[in-house]
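K.L.:
Pasted the sequence and its predicted model underneath.
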Amino acid sequence: MTTSFSDRGAARRDAVLAVARKLLVEEGFDQFVLRRVAAKAEMKLGNLQYYFATRDDLLEALIRAEFEHDLAAVRRATTIDGLTESARALVRNWTTGAGAVFGTMSLLAYHHARFRRLNHEIYEAFYRELGVLIRRVTPGLSDQEIRMRARLITSVLDGVAMQIHAGATNRTELTKRATALVTSIATAPS
């Protein structure tokens, strides 16, 4: 649904996305229904449907918002130090909510063409953006090597998020090592 919103409408839409994210992360996909989101956002179902006609529309908007947050972290990095901070931000985000959002998308991609396309679109864009950063901090790599490193970094992020959400007891050490691993994958000589 493509709708132009006023500043107030955009603020309300963002507030709904925040409520929806919290619900999805804390209570899971089974509880992620429009009626429940509307209640938690303290609005009528019809008002929520003005912004998001269906649960899939809301979920897609939530996934895209989460993705934009991650892209901003990658784009801020212009040096190796920036890469380390970016890696820290990505690991922190993927282990405190984004992992649940992206995990939901990935699971839905197995059976729903809409989310399969979205999954492909988002991962391909993420690989490209990571590639720009990798090329900046490790010049001279081939395009193929850069793409492989971007995939490996994404695999680390996906994996650490799954481990933490599965109840890993060594969360601090796991996130610290994942951050270091992301940085080393990006900066290792060819």
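P.N.:
Great, that's in hand.
K.L.:
Quick check: Arg116 vs Tyr110, distance?
P.N.:
Here the criterion is C-beta to C-beta, to the nearest Å. By it, Arg116 lies 8 Å from Tyr110. Backbone N, C-alpha and C define where each C-beta goes, glycine included.
K.L.:
These two: which is more packed in?
P.N.:
A count of neighbours by other C-beta atoms under 10 Å puts Arg116 above the other of Arg116 and Tyr110, at 15 against 9.
K.L.:
which SSE is that one in?
P.N.:
helix 113-137 (DSSP states H and E).
K.L.:
And that helix, what does it pack against?
P.N.:
If contacts are counted by 3 or more C-beta pairs under 8 Å, 6 or more residues apart in numbering; DSSP states H and E, helix 113-137 sits against helix 55-76, helix 80-93, helix 99-109, helix 143-165, helix 171-187.
K.L.:
quick one: contacts of the first one?
P.N.:
Meaning helix 55-76. The contact list for helix 55-76, computed with C-beta atoms under 8 Å, 6 or more residues apart in numbering, reads 1, 13-14, 16-17, 20-21, 24, 32-34, 37, 48, 51-52, 82, 85-86, 89-90, 93-94, 97-98, 101-102, 104-105, 108, 112, 114-115, 118, 122, 125-126, 129-130, 132-133.
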